[in-house]
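K.L.:
Sharing a sequence plus its predicted fold:
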2 protein chains.
Amino acid sequence: MTEQSPAVARLAARPPQAALDAATRALADIFDARLVTSQAVRVQHGHILTWTPNQPPDAVVFAQSTEDVAAAVKICAAHGVPVIAFGTGTSLEGHTNAPYGGVCIDLSMMNEILEVHAEDLDCVVQPGVTRKALNEYLRDTGLFFPIDPGADASLGGMTATRASGTNAVRYGTMKDNVLSLTVVMPDGKIVKTARRAKKSSAGYDLTRLFVGSEGTLGIVTEITLRLYGIPEAISAATCQFRSIKAACDTVIETIQSGLPIARIELVDALTVRAFNNYAKLGLVEAPMLFLEFHGTAKGVEEQTQRFGEIAEGHGGGPFNWTTKPEERTKLWQARHDVFWAHQTLKSKPEMTGFATDVCVPISRLADCVTETIRDAEEIGIVAPIVGHVGDGNFHCGPLFDPRDEAEVAKVKAFVERLVRRGLDMGGTCTGEHGIGQAKIKYMREEHSPETLNVMRAIKRALDPQNIMNPGKVLDA
Amino acid sequence: MTEQSPAVARLAARPPQAALDAATRALADIFDARLVTSQAVRVQHGHILTWTPNQPPDAVVFAQSTEDVAAAVKICAAHGVPVIAFGTGTSLEGHTNAPYGGVCIDLSMMNEILEVHAEDLDCVVQPGVTRKALNEYLRDTGLFFPIDPGADASLGGMTATRASGTNAVRYGTMKDNVLSLTVVMPDGKIVKTARRAKKSSAGYDLTRLFVGSEGTLGIVTEITLRLYGIPEAISAATCQFRSIKAACDTVIETIQSGLPIARIELVDALTVRAFNNYAKLGLVEAPMLFLEFHGTAKGVEEQTQRFGEIAEGHGGGPFNWTTKPEERTKLWQARHDVFWAHQTLKSKPEMTGFATDVCVPISRLADCVTETIRDAEEIGIVAPIVGHVGDGNFHCGPLFDPRDEAEVAKVKAFVERLVRRGLDMGGTCTGEHGIGQAKIKYMREEHSPETLNVMRAIKRALDPQNIMNPGKVLDA
């Protein structure tokens, strides 16, 4: 590592138009109708689910194979043109925007499940396969893939952002469930990161380096994923608490006691009000936990009862639970409907939600959530909270009218305070959404200059032209 | 990444003696009596538990803090002198040898447990803390750290080699249980890889990059580890099978059925003979599984019984199990004594064992083990097998007389065939021992030239002088 660590981006502006034109022509020669430059398609591929402005690419290539991706990247590399990978466009932090123009490689046509090895509990998929499509495909095998971000994201995108979801407390995140990757490098070379063995200590962990690298080091074109046997029995439960702290203390004690909880989701009192609005549930407006246990029949009964005792010790109740599938669905229905329930909190139909997340050590979770609720109340905004509480990770979705500049500014400042609160408590600025464009500024607060220099050194070593998704993760 | 990827090592020979002398003098100024150059200490620090010849460093520094390590590395960097980290010296593939001389940094005095966060289920330790010392320290907290390689290794060494052990099927390997690291980089800068949050998607996963990098990218000086609640109940079981295949098929069905098994260890018939020799157990000389289930009282009973049914379906038996602590210890006693039991297989007292491991997709495990046993029988060597069978990982320990060159050659060739057999079955050349010196040649067989070039590019970017543990992991 050199003493001087210049900013990563040599490319801090659009490449010359001639380079873009030459790359586009060369791509059109190969991809024909699968190279699209219409404005509608370009804008759609820069689409961002937040308030970050749309920055469309100059062209979109619809790839159908690893070789397609390699060919497209080679052309872009030859012309010094940015390359942005695209899955389903459900990222939340501006990952698919093209601030310096360039070529978007749309991977949604690469949606084949290539291999399922039931005995090894793994499968090989193309990056355009969505998590729901994979589980649909696996339905008759007795196996499932547990990682479940809110959206029906592509597995390539989930890999790129190190996604997780409600099952992470039991099954981990994408980093724990990717066994191997095929990656097209910034020079168009194709690299396989690892064998299909469940563990290995043979060299640097390139798999984990690419998981979460957000397309800035290469483009993932094949993913080997771990699968799990569908548990014999599942129990679902809900429990209300007088305070966020009582709910969090219950979670801490549950995990400390070694109960292998599969899901444990917290919603705040505001979200419970939304449930009441949406489905007339008549619940007390108090924080609530949704839980799931996986195991054998007697095992989950016992685990659920043990949890009930712990919850009671913290004043929790009423505690409802069941192992029957149809009743389980009913018990968790409110949690599944949370997106729609939150819509009922809008005071104007024009309002929209802004999704952000932080993750803190679980001992600080109650403080972080409670202070965030107080902050929202003090400034008079509606900002419901839903948390993957077993990991110390929570989402906050302030509602605002995007036409109202003052309100936008107020919510932006609120989100900044939320992220800093998480960082101050030893947490991370993003638990599972990634950095993209929107959270780059927090990288300097979360990591030391020395740590960022290590990341920059790796970026420069693998992508010296800085053509892979420039303007993301690390500063330009 | 450049088109030309020269071999990593600029340093393919010892540095000039003047450089070594100057570095040693500068180190002596700072470290005084903690800089040792006596032959005995140097030889001990190049000590290797295999047949790789001893290659001692020129000096040994006994570090007491991160700042000590940074100071020592800075001096070595200034003089272009190699730096080799040392924990307990229990590595198996030549990790601590000094083929180009240089300075060994002994971390065994850095053995403090700095923080235990019981609510967050994590702790911060110095690299010289051993796994047993940590669990001893945690005993009264109700928490434990599950990763258990055979030796009482240091947690720094376990991090560096991406170690695992018998609990990996349930708790993962070091890669899954390190939350964050403090690392002294090759230029002496100090880097913290991540916050203490249980998950994060904030940038490149530097934690996982250093886990398994065997001291070639930096020296780990603080480790934040995940801890687990000691389960309410544990059951232990043993079961014998008519064939390796029947035992492996039982394991596959058990895992597919979603039973959350904590440990599942296979020993071959030869090892059972050794148990009989050692403790007069009178067992049938047939393959045997040792199991452990963790959970609630009823849960583990039910899991164990379900396993018994699966085993019976594959002709397994007798099936013995218990949840009582003293009986559990007795049931697993043979497995715990395996090292001593294997000594009884020696036909001459001068014989020694050679430990190697491979890891294959579990569907190929029975084939890989069976072919390895046949190979040993055909060439007339004694090579007992013990496997972490839930991961597809097994150890093979051929016995040989190190004075008998022909026998050494025979065993070396046997080990080569074993590793290639694992690779041919889609596996890895090392499941949990790392690459060190001894397995470098297999890196070229396990990984493609493009994949190795990515590793080399990272190594060059972070350690351009190639002073960090040169001659390990990647070829010189």
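P.N.:
Sure thing, it's come through.
K.L.:
Let me know whether A:T344 touches A:A279 as I believe.
P.N.:
No. Using CB atoms under 8 Å, A:T344 is not in contact with A:A279, being 9.6 Å away. Bear in mind the C-beta positions are built from the backbone N, C-alpha and C, glycine included.
K.L.:
gap between stretch A:197-209 and the chain center?
P.N.:
Chain-centre distance of stretch A:197-209: 22 Å, with CA atoms, centre = their mean, to the nearest Å.
K.L.:
do the same with stretch A:44-53
P.N.:
Distance of stretch A:44-53 from its chain centroid, counting by CA atoms, centre = their mean, is 16 Å.
K.L.:
do the same with stretch A:95-102
P.N.:
On CA atoms, centre = their mean, the centre of stretch A:95-102 falls 19 Å from that of its chain.
K.L.:
Kindly report the same for stretch A:281-300.
P.N.:
24 Å.
K.L.:
what about that stretch and chain B, touching?
P.N.:
Yes. Stretch A:281-300 comes into contact with chain B (CB under 8 Å from any CB of the partner chain), by way of A:H294, A:G295, A:T296, A:A297, A:K298, A:G299, A:V300.
K.L.:
what do you get for stretch A:195-208?
P.N.:
Yes. Among the residues of stretch A:195-208, A:195-206, A:208 lie within reach of chain B under CB under 8 Å from any CB.
K.L.:
any chance of the residues you listed in CSV, plus secondary structure?
P.N.:
Listed next are the residues of stretch A:195-208 next to chain B as CSV, based on DSSP: H, G, I helix; E, B strand; the rest coil:
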residue, secondary structure
A:R195, coil
A:R196, coil
A:A197, coil
A:K198, coil
A:K199, coil
A:S200, coil
A:S201, coil
A:A202, coil
A:G203, coil
A:Y204, coil
A:D205, coil
A:L206, helix
A:R208, helix
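K.L.:
could you dump those to CSV with distance to B:C123 and neighbour count?
P.N.:
Shown next, in CSV, are the residues of stretch A:195-208 next to chain B (distance: CB to CB, whole Å; neighbours: other CB atoms under 10 Å in any protein chain shown):
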residue, distance to B:C123, neighbour count
A:R195, 32, 23
A:R196, 33, 22
A:A197, 29, 30
A:K198, 26, 27
A:K199, 23, 24
A:S200, 26, 28
A:S201, 23, 30
A:A202, 28, 26
A:G203, 28, 29
A:Y204, 26, 29
A:D205, 22, 25
A:L206, 28, 24
A:R208, 22, 26
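K.L.:
Show me where the stretch 101-250 of chain A has its helices.
P.N.:
All helices of the stretch 101-250 of chain A, identified by DSSP state H, counting those that start in this stretch, fall at A:131-138, A:155-160, A:168-171, A:174-177, A:206-210, A:244-256.
K.L.:
Among those helices, which comes closest to A:C104?
P.N.:
helix A:155-160 (13.0 Å; CB to CB).
K.L.:
How about that closest one and chain B, touching?
P.N.:
No. Judged by CB under 8 Å from any CB, helix A:155-160 stays clear of chain B, getting no closer than 9.6 Å.
K.L.:
May I have that helix exported as PDB, CA atoms only?
P.N.:
The C-alpha coordinates for helix A:155-160 follow below in PDB (Å, rounded to 0.1, in the frame of the first residue of the first chain):
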ATOM      1  CA  LEU A 155     -29.800 -13.100  -6.200                       C
ATOM      2  CA  GLY A 156     -27.100 -11.300  -8.100                       C
ATOM      3  CA  GLY A 157     -28.200  -8.000  -6.500                       C
ATOM      4  CA  MET A 158     -28.500  -9.600  -3.100                       C
ATOM      5  CA  THR A 159     -24.900 -10.900  -3.500                       C
ATOM      6  CA  ALA A 160     -23.700  -7.500  -4.600                       C
END
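K.L.:
residues contacting A:R335?
P.N.:
By CB atoms under 8 Å, 6 or more residues apart in numbering or on different chains, A:R335 lies in contact with A:E265, A:V267, A:F290.
K.L.:
go with 10 Å
P.N.:
Taking CB atoms under 10 Å, 6 or more residues apart in numbering or on different chains as the criterion, A:R335 is in contact with A:166, A:236, A:238, A:263, A:265, A:267, A:271, A:275, A:288-290, A:341, A:386.
K.L.:
Kindly report the same for A:G150.
P.N.:
A:T90, A:L92, A:A163, A:G165, A:T166, A:V338, A:F339, A:A355, A:V386, A:H395, A:E432.
K.L.:
Among those, give me the pair with the biggest separation.
P.N.:
Farthest pair in these, by CB to CB: A:A163 and A:V338, 17.9 Å.
K.L.:
hmm, back to that, format the residues of stretch A:281-300 next to chain B as CSV; extra columns: secondary structure.
P.N.:
CSV is the format used below for those (three-state DSSP):
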residue, secondary structure
A:H294, strand
A:G295, strand
A:T296, coil
A:A297, helix
A:K298, helix
A:G299, helix
A:V300, helix
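K.L.:
Pick the one among the residues you listed closest to chain B.
P.N.:
A:G299 (3.2 Å; CB to the nearest CB).
K.L.:
tell me the contacts of that closest one?
P.N.:
A:G299 sits in contact with A:231-233, A:235, A:260, A:293, B:259-260, B:293, B:295-303, B:306, where contact means CB under 10 Å, 6+ apart.
K.L.:
How about A:F144?
P.N.:
A:L134, A:N135, A:L138, A:N167, A:Y171, A:L227, A:Y228, A:G229, A:I230, A:P231, B:G258.
K.L.:
correct me, but the fourth one touches A:M174?
P.N.:
No. A:N167 lies out of contact with A:M174 (CB atoms under 10 Å); the separation is 11.5 Å.
K.L.:
intersection of neighbour lists for the two?
P.N.:
The contact sets of A:N167 and A:M174 overlap at A:I147 (CB under 10 Å, 6+ apart).
K.L.:
Between the two, which is the more surrounded one?
P.N.:
Neighbour tally, A:N167 and A:M174, criterion other CB atoms under 10 Å in any protein chain shown: the higher count belongs to A:M174, 27 against 22.
K.L.:
Can I have the buried ones of the residues of stretch A:281-300 next to chain B as a PyMOL selection?
P.N.:
Buried subset of the residues of stretch A:281-300 next to chain B, written as a PyMOL selection, criterion 16 or more other CB atoms under 10 Å in any protein chain shown:
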select buried, chain A and resi 294+295+296+297+298+299+300
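K.L.:
Taking the residues of stretch A:281-300 next to chain B, tell me the two that lie furthest apart.
P.N.:
For those, and using CB to CB, no pair is farther apart than A:H294 and A:K298, which are 13.3 Å apart.
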